[in-house]
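Enquirer: I'll drop the sequence and a predicted model, then ask my questions.
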Amino acid sequence: MTWISCGVTALAGYSAGEITPASTELTADWDISPVVYNLGITLFCVGFALAPMVLAPFSEINGRRPIFVASGILFVACILACGGTRLFAGFLVARFFQGVGASTFSTMVGGVISDIYHAHERNTPMALFAAAALFGTGLAPLLSSVIVWHVSWRWIYWSHAIVSGVFVLIIFFFFKETRGSVLLSRKAHAINRYYEQLEGAGHYGVLMGGEKELRRIRWKVESDEQRASLAQMISISVYRPFHMLVTEPVVFFFSLWVSFSWAVLYLQFGSIPLVFKTNHGFNVEQTGAVFTSMCVGALVITVISIYQEKIANRFNLLPPTPEARLYFVCFEAALMPIGLFWFGWSSFSHVHWIVPSIAIGVSTMGIFSLGDRGAELLPESAGWCVPACDERHV
């Protein structure tokens with residue numbers, strides 16, 4: 001379950017950066033500027049951000065698996081649309097709904113991990129989750145540049161759709177429901193159906209404890225009885241994140257911190273080609289290869305993140321509170337500004353290309369630490385007021 005969730009998270013991250021290598025060819029074909037072309041990333045992020053607020057109530061009622069399957073189908077369909085369209089307007093529409101489909105594979109995975117693991121067991125799966133998101137983001141321009149250079153830009157999306165379609169089939173056949181209230185409701189319905197079969201056969205009632213009289217009973221789930229209407233749940237799901245954002249300092253400053261770091265990550269889709277094409281004369285394929293440093297940085301910090309907490313817990317160095325998640329990030333987050341200054345100060349033609357490439361990996365490690373710890377801290381500290389266990393979207 002964890003590996004399936006991390007796999008689809010990598011596919012969602014892959015969606016963000018796959019449009020970059022084809023920018024030169026498509027801006028010429030569609031007669032648009034690079035700024036306008038980047039609306040493909042912007043609209044993807046808009047759909048990615050807004051959809052979970054509507055999908056969270058459906059997850060609470062129907063469970064996570066149906067949302068994963070439906071989002072996966074939409075995701076694959078929109079990827080195919082991106083690869084088949086001949087109009088920039090159609091491309092933008094497809095990118096928006098691609099973000100809607102991809103949002104489930106990122107924001108709801110944190111809820112899946114919260115369903116499966118206790119708080120003290122979440123460090124490793126959450127580290128793998130954050131690594132999948134960053135690794136997929138760096139892998140997209142790396143592979144897409146090879147495809148554009150050797151084949152056609154359309155195969156960026158068609159190859160992505162093939163892999164995503166395989167994962168949708170894996171989800172359909174192997175992904176199991178994890179939401180506790182939905183599982184409990186299904187169990188109650190199964191028991192009630194069994195009682196109805198007994199009554200149909202002429203056996204009425206059951207003995208309860210030491211009582212001698214038969215009782216005709218039916219099981220109910222408290223969450224089903226107290227659930228509000230769907231419209232009210234959606235309105236709460238839309239309102240609550242913004243309410244927490246302006247009333248909870250921890251949520252506000254962590255959101256500000258994480259959003260800035262991910263903005264920096266997405267800015268690298270434009271800055272890396274600019275620097276390495278202009279200063280070092282790289283072609284599209286060579287420029288895409290630079291994103292390898294992002295993937296390597298994500299893998300290195302993942303290993304560090306997993307083992308640092310294990311070592312700290314072995315020697316009882318961390319208190320048993322959610323704030324313990326922040327002890328290491330206080331130091332590791334400094335890697336992002338260090339990497340950015342390093343990249344800026346080494347982006348000259350007379351400096352070897354490997355120097356700014358290493359800086360990209362260092363900044364990625366800092367971005368990872370922010371996203372990983374934020375995804376762990378908010379569910380533990382604010383999860384009590386987010387019913388759909390979709391805390392990461394806050």
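Expert: The structure has been received and is ready for your questions.

Enquirer: show me this structure divided up by domain.
Expert: 2-178+228-393, 183-224 (automatic domain parsing).

Enquirer: least confident of those, on average?
Expert: Mean pLDDT is lowest for domain 183-224 among these, at a mean of 81.

Enquirer: what about that domain, start to end distance?
Expert: One end of domain 183-224 sits 12 Å from the other (C-alpha to C-alpha, to the nearest Å).

Enquirer: please verify my assumption that residue 180 contacts residue 115.
Expert: Yes - between residue 180 and residue 115 there is a contact under C-beta atoms under 8 Å: 6.5 Å. For every residue, glycine as well, the C-beta is placed using N, CA and C.

Enquirer: okay, the two: which has more neighbours?
Expert: residue 115 (16 against 13; other C-beta atoms under 10 Å).

Enquirer: thinking the more buried one is in contact with residue 177, fair?
Expert: No - in this structure residue 115 lies outside contact range of residue 177 using C-beta under 8 Å: 9.0 Å.

Enquirer: who touches both of the two?
Expert: Common neighbours of residue 115 and residue 177 are listed as residue 64 (criterion: C-beta atoms under 8 Å, 6 or more residues apart in numbering).

Enquirer: count of neighbours near residue 87?
Expert: Residue 87: 9 surrounding residues under other C-beta under 10 Å.

Enquirer: contact partners for it?
Expert: Residue 87 touches residue 30, counting by C-beta under 8 Å, 6+ apart.

Enquirer: phi, psi of it?
Expert: Dihedral angles of residue 87 (phi, psi; degrees, to the nearest 10) stand at phi -120, psi 140.

Enquirer: gap between it and residue 30?
Expert: Using C-beta to C-beta, to the nearest Å, residue 87 is found at 8 Å from residue 30.

Enquirer: before we move on, what about residue 41?
Expert: 15 Å.

Enquirer: before we move on, what about residue 268?
Expert: Noted for residue 268: a distance of 24 Å to residue 30, by C-beta to C-beta.

Enquirer: likewise for residue 192?
Expert: Distance of residue 192 to residue 30, computed by C-beta to C-beta: 58 Å.

Enquirer: thinking again about what came up before, which of the domains of the chain sits most buried?
Expert: Of the domains of the chain, the one with the most neighbours on average (mean count of other C-beta atoms under 10 Å) is domain 2-178+228-393, at a mean of 19.

Enquirer: what's the offset of that one from the middle of its chain?
Expert: 5 Å (C-alpha atoms, centre = their mean, to the nearest Å).

Enquirer: ok, and the closest non-adjacent residue to residue 179?
Expert: Of all residues not flanking residue 179 in the chain, residue 63 sits nearest, at 5.0 Å (C-beta to C-beta, 6 or more residues apart in numbering).

Enquirer: OK, contacts around that neighbour?
Expert: Counting by C-beta under 8 Å, 6+ apart, residue 63 has contacts 177-179, 182-183.

Enquirer: switch to 7 Å and redo it
Expert: 177, 179, 182 (C-beta atoms under 7 Å, 6 or more residues apart in numbering).

Enquirer: the last one - how many residues pack around it?
Expert: Right, the one you point to is residue 182. Residue 182 has 22 neighbouring residues, counting by other C-beta under 10 Å.

Enquirer: thought residue 223 was touching residue 181?
Expert: Yes - using C-beta atoms under 7 Å as the test, residue 223 is close enough to residue 181 to be in contact (4.3 Å).

Enquirer: for the stretch 251-394 of the chain, which segments count as helices?
Expert: 284-289, 292-314, 326-332, 335-345, 354-382 (DSSP state H, counting those that start in this stretch).

Enquirer: what's the answer for the stretch 101-250 of the chain, then?
Expert: 123-150, 154-174, 180-200, 222-226, 230-247, 249-280.

Enquirer: out of the ones you listed, which is closest to residue 68?
Expert: Closest to residue 68 of the helices of the stretch 101-250 of the chain is helix 154-174 (C-beta to C-beta; 5.2 Å).

Enquirer: which residues does the closest one contact?
Expert: With C-beta under 7 Å, 6+ apart, helix 154-174 has contacts from 4, 7-8, 11, 14, 18, 22, 68-69, 72-73, 75-76, 79-80, 82-83, 144, 147-148.

Enquirer: could you give the angle of it to helix 123-150?
Expert: Going by axes from the mean of the first three to the mean of the last three C-alpha atoms, to 10 degrees, helix 154-174 is angled at 150 degrees with respect to helix 123-150.

Enquirer: using PDB, list the CA coordinates for helix 154-174.
Expert: The C-alpha coordinates for helix 154-174 follow below in PDB (Å, rounded to 0.1, in the frame of the first residue of the first chain):
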ATOM      1  CA  ARG A 154       3.800  14.200 -27.900                       C
ATOM      2  CA  TRP A 155       5.500  11.100 -26.500                       C
ATOM      3  CA  ILE A 156       6.200  12.900 -23.300                       C
ATOM      4  CA  TYR A 157       2.600  12.600 -22.500                       C
ATOM      5  CA  TRP A 158       1.900   9.300 -24.200                       C
ATOM      6  CA  SER A 159       4.700   7.500 -22.300                       C
ATOM      7  CA  HIS A 160       3.500   9.100 -19.100                       C
ATOM      8  CA  ALA A 161      -0.100   8.000 -19.800                       C
ATOM      9  CA  ILE A 162       1.100   4.400 -20.400                       C
ATOM     10  CA  VAL A 163       2.900   4.200 -17.000                       C
ATOM     11  CA  SER A 164       0.000   6.000 -15.200                       C
ATOM     12  CA  GLY A 165      -2.500   3.600 -16.800                       C
ATOM     13  CA  VAL A 166      -0.600   0.700 -15.500                       C
ATOM     14  CA  PHE A 167      -0.700   2.300 -12.000                       C
ATOM     15  CA  VAL A 168      -4.400   2.800 -12.200                       C
ATOM     16  CA  LEU A 169      -4.800  -0.900 -12.900                       C
ATOM     17  CA  ILE A 170      -2.600  -1.700  -9.900                       C
ATOM     18  CA  ILE A 171      -4.800   0.600  -7.800                       C
ATOM     19  CA  PHE A 172      -8.000  -1.000  -9.000                       C
ATOM     20  CA  PHE A 173      -6.800  -4.500  -8.300                       C
ATOM     21  CA  PHE A 174      -4.500  -4.200  -5.300                       C
END
